[in-house]
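Enquirer: sequence-free structure coming up:
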């Protein structure tokens, strides 16, 4: 699989780092570090909007990888719900990938599973 | 060697600034690594402390730049653990938190309340997520209690049988 440099820049905010690459068939966003800002939506929502626009133009889904993320706070969960909503509004499929054997990731992402029924949104445990 | 029944207490003041919350949470996670081998349990305790401290920063009543909170964690290995955060509040802030906790305690299903709040966020995005206390109850499996006495709000999260 060949990854290309993404037209979307990486995001660095506090202890959070999101790297982006264009893979065949998806725009991949890899979350690393910790997301514990007071208002993460202020930074994340504009970034999601850019990512969704890049994916929409190339006709690919957005794949968010959380396997390497150490922690996020509850305000970040609200931002992820925004990402799901924005993806649906722009008809860009959204996939979130998490680690099944990490309890906090399993609990946090399982709670988002209800949105898979209403939006073009998938959860994938690895 | 069994550690069951070994009592522990961690008790320290925190300057009530947002930047300190993540540092305290990380420090706590390292500190309790000396007590618990279970990584998931360490994460639950640290998450609960982090969310309670974030809540305190949001709702604290500040009289000066040096407003202090108090974080206390205690329990016995093999039994229940408690995470407690105390901070000054005004009447409105204290009542907001008490109402939120009463709502969680009286809900027939914490999970349903958590999912309902997520649906509300999806339909009406807001700067305040109001997910923190629900996350503690749902994800941490905690029972929450709160009191306001002499202008100080104290929230206690009990993690039953988790240790």
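Expert: All right, it came through fine. Keep in mind the model is a prediction, meaning the values are calculated, not measured. Numbers count the residues shown, from 1 in each chain, chains lettered A, B, ... in the order given.

Enquirer: tally of neighbours for residue 81?
Expert: By default, I'm working from chain A. 23 (other CB atoms under 10 Å in any protein chain shown). C-beta here means a position set from N, CA and C on the backbone, and glycine is covered the same way.

Enquirer: oops, I was thinking of chain B
Expert: 25.

Enquirer: skip the chain neighbours and tell me the closest residue to it.
Expert: Of all residues not flanking residue B:81 in the chain, residue B:75 sits nearest, at 3.5 Å (CB to CB, 6 or more residues apart in numbering or on different chains).

Enquirer: what is the helix or strand where that neighbour lies packed up against?
Expert: If you go by DSSP states H and E, residue B:75 is part of strand B:68-76. Counting contacts by 3 or more CB pairs under 8 Å, 6 or more residues apart in numbering or on different chains; DSSP states H and E, strand B:68-76 packs against strand B:7-15, helix B:18-31, helix B:39-59, strand B:81-88.

Enquirer: go through the third one and flag the buried ones.
Expert: Applying a neighbour-count criterion of 16 or more other CB atoms under 10 Å in any protein chain shown, one finds B:41-59 buried in helix B:39-59.

Enquirer: check these against chain A, which are close?
Expert: B:43, B:44, B:46, B:47, B:50, B:51, B:54, B:57 (CB under 8 Å from any CB of the partner chain).

Enquirer: can you pull the contacts of the first one?
Expert: If I follow you right, that is residue B:43. Residue B:43 makes contact with A:71, A:103, A:104, B:29, according to CB atoms under 8 Å, 6 or more residues apart in numbering or on different chains.

Enquirer: can you list the residues of chain A near chain B?
Expert: A:15, A:34, A:36, A:38-39, A:41, A:71, A:73-75, A:77-78, A:81-82, A:84-85, A:102-104, A:107-108, A:111-112, A:114-115.

Enquirer: filter the residues you listed down to the ones in strands?
Expert: Within the residues of chain A next to chain B, membership in strands is found for A:34, A:71, as judged by DSSP state E.

Enquirer: which of the residues of chain A next to chain B are buried?
Expert: By neighbour count, with 16+ other CB under 10 Å, these hold A:34, A:36, A:41, A:71, A:73-75, A:77-78, A:81-82, A:84-85, A:102-104, A:107-108, A:111-112, A:115 as buried.

Enquirer: low-scoring pLDDT stretches of chain A, where are they?
Expert: A:1-6 (pLDDT under 70).

Enquirer: closest to the centroid, which residue in it?
Expert: Nearest to the mean C-alpha position of chain A, by CA atoms, centre = their mean, lies residue A:64 at 3.6 Å.

Enquirer: before we move on, the earlier item: tell me which two in the contacts of residue B:43 are the farthest apart.
Expert: Within those, A:103 and B:29 form the most distant pair, 13.8 Å apart (CB to CB).

Enquirer: excluding chain neighbours, what is closest to the residue most central in space within chain B?
Expert: The centre of chain B sits closest to residue B:52, judged by CA atoms, centre = their mean, with a distance of 3.0 Å. Spatial nearest neighbour of residue B:52, excluding adjacent residues (CB to CB, 6+ apart): residue B:85 at 4.0 Å.

Enquirer: now swap in residue A:122 and tell me
Expert: That would be residue A:95: by CB to CB, 6+ apart, it lies 4.6 Å from residue A:122.

Enquirer: that neighbour belongs to a strand?
Expert: Yes - secondary structure of residue A:95, determined by DSSP: H, G, I helix; E, B strand; the rest coil: located in a strand.

Enquirer: ok, it to residue A:48 distance?
Expert: Distance, residue A:95 to residue A:48, using CB to CB, to the nearest Å: 14 Å.
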